[in-house]
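**Q** Predicted model and sequence follow; I will ask about them next.
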Amino acid sequence: TKIDVTDAMVGSAKSIDQALAGQIAGVAVTTTSGAPGAPARIRIRGTASLNGTQDPLWVLDGIPLEGTDIPKLDDDTSNDIVNIKQSSIAGISPNDIESITILKDAAATAIYGARAANGVIVVTTKRGRTGKPVVNFNTRLTYTPNLDTSRLNLLNSQEKIDLELELIKDTYELFEDKYPVYYEKGGVASILKKYNLMDAYRANGWDGLTPEAQSAINQLKNINTDWNDILFRDAFTQEYNFSISGGSENVTYYNSLGYSKEDGNVPGVSMKRFNLTSKTSYQINRMLKIGMSLFANRRKNTDFVADKYGYANPIYYSRTANPYFNPYDSNGNYAYDYDISNKDIPDPLRGFNIFEERANTNKETITTAINAIFNTDLRFNDQWKVTSQVGLQWEQLDLEQYIGANTFTMRDLRYESRYDNGTKYRIPEGGMHKVTGSTTSQITWKLQGEWSQSFADIHEVQIMGGSEIRKNWYNSLTSNAYGYDP
């Protein structure tokens, strides 16, 4: 299946994998997260493997790409969606792509071997054509409104307090002992414990509470925090592309520059991309044609550091935080949510405030990628043709993370490092600074020969044979510094 890449097809997508959503029958495209630049998970004709990779093979102008597999989420990373790395195809601007071909069946994918078991996505980029220079400039501005949660029908403070009052009152018996149906957590439970009125309320209900306790509970009913409004924002995206192409009978060229900046609906989350494309082909003589393509890009992602429980994920927290909880006290200091954990009782040692996490954590990812392709076409006559390609791929990722001492993430890490009956800590006081550098490289050489012949203008025979040699390198180095105080 082949589709032409047009402005209507790309829409507001910033990468070609996202733009494939809903374009081709049998191709399922799902986003891994709503973060800017997040990769899309693509399945061609369903899932082909239970344990192995399920992502298709991406081929750029004839050269297979490395680094296009999307990591599989497991129990340890299912909440850490902001750390899913981008696919290497994300650096190619959709503005530079002419068409995309999806290879689904075994016969079509046979040329790429076992790597094509999950399907092949062949990307053909634009090239220069004979004629006068053609200059193009386009810009795209996208507005993404704040999320609308009015249809979720979440409880307001009055409804949540009434629900907690009912649940706390209920108990069940087990071996002649009574146990509460509802965890002794939340604003109501906190007030009842403060005034030591838990048993009195279960025995006598609302009338069993003191005026002070009743007043404190009624005050909670008057606090209605709109988490959707304070955690999210309207977002704007801007993209600019410039290209010039043309050529003569012997030389054609295509050059382009692009810049895009995508802001997320979460404050402090953004992605910037700068890309350069240059393609040139030379017709040396009647038989020989050579060409060179260069694709370079630099991407910068800015984000916060997510804790392992996913509390810092604003989508999750806005649905689980109590509507009567105010993230700031009367003096403007952080107020802590001790009920967010899944424990039966509040955890006083690990209070959480999502705005504190945003202010005191930072994650910056810079990806620099270069792809170079060299082509040689040798056509002896109308029947015989030999094609050779050499592809070079280099991608470097620099990741820097900072977690301040005054964060839930750091308090949790230090708490979990206790030993010797909780009297000592393996992690010292202070923050954490993590730096990761990784490099992915690949060199590919392809040689392909074709012979075709027509007989009596009604029969056509074509024979093709080829060989491919490739080598990959991957290097990674990570350092963690605890007790860090910038």
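**A** That came through, no problem.

**Q** Residue 167: which element?
**A** Here residue 167 sits within helix 157-169, counting by DSSP states H and E.

**Q** What is that helix packed up against?
**A** Helices and strands touching helix 157-169, by 3 or more Cβ pairs under 8 Å, 6 or more residues apart in numbering; DSSP states H and E, are helix 187-194, helix 198-204, helix 211-221. Heads up, the C-betas are built off the backbone N, CA and C, glycines and all.

**Q** So which of these is the most surrounded?
**A** helix 187-194 (a mean of 19; mean count of other Cβ atoms under 10 Å).

**Q** could you say what helices and strands that helix packs with?
**A** helix 157-169, helix 198-204, helix 211-221.

**Q** Just send the helices and strands packed on helix 157-169 back as JSON lines, with distance to residue 15 and mean pLDDT too.
**A** Output for the helices and strands packed on helix 157-169, formatted as JSON lines (distance: least, Cβ to Cβ, whole Å; pLDDT from 0 to 100):
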{"stretch": "helix 187-194", "distance to residue 15": "44", "mean pLDDT": "91"}
{"stretch": "helix 198-204", "distance to residue 15": "54", "mean pLDDT": "88"}
{"stretch": "helix 211-221", "distance to residue 15": "45", "mean pLDDT": "93"}
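
**Q** Now render those as JSON lines, adding distance to residue 408.
**A** Shown next, in JSON lines, are the helices and strands packed on helix 157-169 (distance: least, Cβ to Cβ, whole Å):
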{"stretch": "helix 187-194", "distance to residue 408": "19"}
{"stretch": "helix 198-204", "distance to residue 408": "27"}
{"stretch": "helix 211-221", "distance to residue 408": "23"}
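
**Q** circling back to that earlier point, nearest to residue 263, out of the helices and strands packed on helix 187-194?
**A** With respect to residue 263, and counting by Cβ to Cβ, the nearest of these is helix 157-169 at 31.2 Å.

**Q** pLDDT (mean, whole number) over that closest one?
**A** On average, the pLDDT along helix 157-169 is 90.

**Q** Please work out how many residues are found near the spatially closest residue to residue 133 that is not a sequence neighbour.
**A** Excluding its sequence neighbours, the residue lying closest to residue 133 (Cβ to Cβ, 6 or more residues apart in numbering) is residue 246, at 3.9 Å. Neighbour count for residue 246, taken as other Cβ atoms under 10 Å: 17.

**Q** tell me which element residue 246 is part of?
**A** Using DSSP H and E, residue 246 falls in strand 235-247.

**Q** which parts of that strand are buried?
**A** Of the residues in strand 235-247, 235, 237, 239, 241, 243, 245-247 count as buried by neighbour count, 16 or more other Cβ atoms under 10 Å.

**Q** show me where this structure has helices.
**A** Ranges of helices in the chain, per DSSP state H, are 7-10, 16-19, 106-109, 157-169, 187-194, 198-204, 211-221, 227-231, 314-320, 354-360, 408-416.

**Q** contacts for the longest one?
**A** Yep, that's helix 157-169 we're talking about. 155, 180-182, 184, 186-189, 192, 198, 201-202, 205-206, 217, 220-224, 322-324 (Cβ atoms under 8 Å, 6 or more residues apart in numbering).

**Q** Over to stretch 366-380?
**A** 60-63, 65, 86, 88, 91, 281, 287-301, 385-399.

**Q** Alpha carbons only: can I get that stretch in PDB?
**A** What follows is stretch 366-380, C-alpha atoms only, in PDB (Å, rounded to 0.1, in the frame of the first residue of the first chain):
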ATOM      1  CA  ILE A 366      19.200  16.200  23.500                       C
ATOM      2  CA  THR A 367      19.300  13.900  20.500                       C
ATOM      3  CA  THR A 368      21.700  14.500  17.500                       C
ATOM      4  CA  ALA A 369      21.300  12.300  14.500                       C
ATOM      5  CA  ILE A 370      22.900  12.100  11.100                       C
ATOM      6  CA  ASN A 371      22.000   9.700   8.200                       C
ATOM      7  CA  ALA A 372      24.100   9.700   5.000                       C
ATOM      8  CA  ILE A 373      23.200   7.600   2.000                       C
ATOM      9  CA  PHE A 374      25.500   7.100  -1.100                       C
ATOM     10  CA  ASN A 375      24.000   5.700  -4.300                       C
ATOM     11  CA  THR A 376      25.500   4.300  -7.400                       C
ATOM     12  CA  ASP A 377      23.300   3.100 -10.400                       C
ATOM     13  CA  LEU A 378      25.000   1.400 -13.300                       C
ATOM     14  CA  ARG A 379      22.700   0.600 -16.300                       C
ATOM     15  CA  PHE A 380      24.400  -1.400 -19.000                       C
END
